[in-house]
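Q: I need the structure of the sequence given here:
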Amino acid sequence: MKRRVVLIIQCRIGSTRLPGKSIMDLAGEPMLGRIIERIRRCRNIDEVVLAIPDTKEDLILKDIGIRYGVNVFRGNENDLVDRYYQAAINYNNSYL
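A: Numbers count the residues shown, from 1 in each chain. This is a model prediction of the structure:
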């Protein structure tokens, strides 16, 4: 049985050092979009999930994820590990 590989991208708008970094323009597209484009070139990934905080300011990231055709998981803003874990359970629960 082939193991299902789910790649989870953590992203948020509220960075303290460079707020909005993930939506900054990189050759005409948001940086997050460029990252997703590059990840899609990987042959061994079955699914890509964008894990973002469940806040109003992060809704733009949800829109970008949908535009680039990836699943979006919205979770706890302050607990990065829980957000990642919950996304993994949600999209790859048969192996946890």
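
Q: all strands for this structure, in order.
A: Applying DSSP state E to the chain gives strands spanning 6-10, 25-26, 29-30, 47-53, 71-75.

Q: return the most buried member of those strands.
A: strand 47-53 (a mean of 22; mean count of other C-beta atoms under 10 Å). For every residue, glycine as well, the C-beta is placed using N, CA and C.

Q: against which helices or strands is it packed?
A: Secondary-structure packing of strand 47-53 (3 or more C-beta pairs under 8 Å, 6 or more residues apart in numbering; DSSP states H and E): strand 6-10, helix 31-39, helix 59-67, strand 71-75, helix 80-92.

Q: so who does the residue most central in space within the chain touch?
A: Centroid check for the chain by C-alpha atoms, centre = their mean gives residue 50 as the closest residue, at 1.8 Å. Neighbour list for residue 50: 8-9, 11, 32, 36, 61-62, 64-65, 70-73 [criterion: C-beta atoms under 8 Å, 6 or more residues apart in numbering].
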